[in-house]
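J.: just coords:
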């Protein structure tokens, strides 16, 4: 079943070429079902690439998904054209009176900054607070996960001596967790971050369950027992060349950057990387949409309020 996106969105051609089922408002209006209303708060600088990656994940399920793309009103994007944002994006102020079945908050390349030093942090905290009453389940990714853990639970982030960068092996801690339904006992996923959240500090909240971890990369997946809040520290949505492009960008800028671990064949950057994580990436997003959103969200979205 399809993900409903604007006809002219650049991601559409890429997804259709990959046989991801997408449709427009005109087609969706003829289907006698209520689609899941999902918002994506896209904090990444290369927004079109991130849109395509996330829409690919959402379009792999048998559920109709209506997507609203959001950007920060208090931050000017330098890597995405104003025309693209005007055509396809809204701000939180535009939708603050609406209710959503699900929300995805992406990462952002600002990990080393203290949260309070981020220019759009006041707006971010408003969105995080709003999500508790206007969104049934929120998936926070990478920096988005760190920001939510800090704001909602006081869990801090810790700068690392070396960037966690590569494709890492993970262990499933709770195989009966709905988010991990169908997962192998061990799976791989990409990471790319300079900071970390610690398992013991997450567990100390008494409100969040650790679901999957990596010996090398640390916490990967955690969630509240009711699945209203999901935290993903890695990037199962990444394309096969995303880490390669990041590595070569940093080299070209003169940064000291190590070769991504376990990514290139024989750890040789001259060889083409092979994608090994997409199956579990699709599964994670399908499980989130099915078990955390579709099977739990009320038909009348206004009934999701917690007050």
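T.: It's in. None of the values given here were measured: they were computed from a predicted structure.
J.: wait, residue 146 sits on residue 201?
T.: No. Judged on CB atoms under 8 Å, residue 146 makes no contact with residue 201 at a distance of 11.5 Å. C-beta: built from backbone N, CA, C; applies to glycine.
J.: the two: who's more crowded?
T.: residue 146 (25 against 17; other CB atoms under 10 Å).
J.: ok, now how distant is the closest residue in space to the more buried one that isn't next to it in sequence from residue 137?
T.: Excluding the flanking residues, the one nearest residue 146 by CB to CB, 6 or more residues apart in numbering is residue 157, at 4.7 Å. For residue 157, the distance to residue 137 equals 23 Å [CB to CB, to the nearest Å].
J.: burial count for the residue lying closest to residue 174 once chain neighbours are set aside?
T.: Nearest non-adjacent residue to residue 174, counting by CB to CB, 6+ apart: residue 211, 5.3 Å away. Neighbour count of residue 211, defined by other CB under 10 Å: 23.
J.: show me where the stretch 51-200 of the chain has helices.
T.: For the stretch 51-200 of the chain, applying DSSP state H, counting those that start in this stretch gives helices covering 82-88, 92-95, 121-134, 143-153, 199-203.
J.: single out the most deeply packed of these.
T.: Counting by mean count of other CB atoms under 10 Å, helix 143-153 has the highest mean neighbour count of those, with a mean of 22.
J.: can you spell out which helices and strands pack onto that helix?
T.: With contacts defined as 3 or more CB pairs under 8 Å, 6 or more residues apart in numbering; DSSP states H and E, helix 143-153 has these neighbours: strand 100-105, helix 121-134, strand 135-141, strand 229-232.
J.: out of these, which gets nearest to residue 222?
T.: Nearest to residue 222 among the helices and strands packed on helix 143-153 is strand 229-232 (4.6 Å), distances taken as CB to CB.
J.: what sits up against the closest one?
T.: For strand 229-232, contacts defined as CB atoms under 8 Å, 6 or more residues apart in numbering pick out 137-142, 145, 148-149, 152, 179, 208, 219-224, 284, 288, 292.
J.: and what of stretch 68-86?
T.: Stretch 68-86 is contacted by residues 10, 37-43, 45-48, 51, 88-93, 95, 100, 119-120, 122-124 when judged by CB under 8 Å, 6+ apart.
J.: check stretch 170-190 too.
T.: 166-169, 209-215, 217, 220-221, 223, 227, 230, 234-236, 238, 242-243, 262-263, 276-277, 280-281, 283-284, 287-288, 291-292.
J.: more neighbours, residue 157 and residue 137?
T.: A side-by-side neighbour count of residue 157 and residue 137, using other CB under 10 Å, places residue 137 first with 27 against 22.
J.: so the more buried one makes contact with residue 102?
T.: Yes. The criterion here is CB under 8 Å, and residue 137 meets it with residue 102 at 5.2 Å.
J.: and for the two, which residues touch both?
T.: Common contacts of residue 137 and residue 102, defined by CB under 8 Å, 6+ apart, comprise 288, 292-293, 297.
J.: which of the residues you listed fall in strands?
T.: Among the shared contacts of residue 137 and residue 102, no member falls in strands (DSSP state E).
J.: with respect to pLDDT, which of the residues you listed ranks lowest?
T.: Across the shared contacts of residue 137 and residue 102, the bottom pLDDT score, 78, is held by residue 297.
J.: next, count neighbours for that residue.
T.: 21.
J.: and residue 89, by the same measure?
T.: Neighbours of residue 89 (other CB under 10 Å): 19.
J.: one more: residue 215?
T.: Residues within reach of residue 215, counting by other CB under 10 Å, total 9.
J.: is it true that it touches residue 164?
T.: No. Residue 215 is beyond contact range of residue 164, at 11.9 Å (criterion: CB under 8 Å).
J.: need the shared contacts of residue 137 and residue 102 in JSON lines (columns: distance to residue 112).
T.: Output for the shared contacts of residue 137 and residue 102, formatted as JSON lines (distance: CB to CB, whole Å):
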{"residue": "288", "distance to residue 112": "29"}
{"residue": "292", "distance to residue 112": "31"}
{"residue": "293", "distance to residue 112": "33"}
{"residue": "297", "distance to residue 112": "36"}
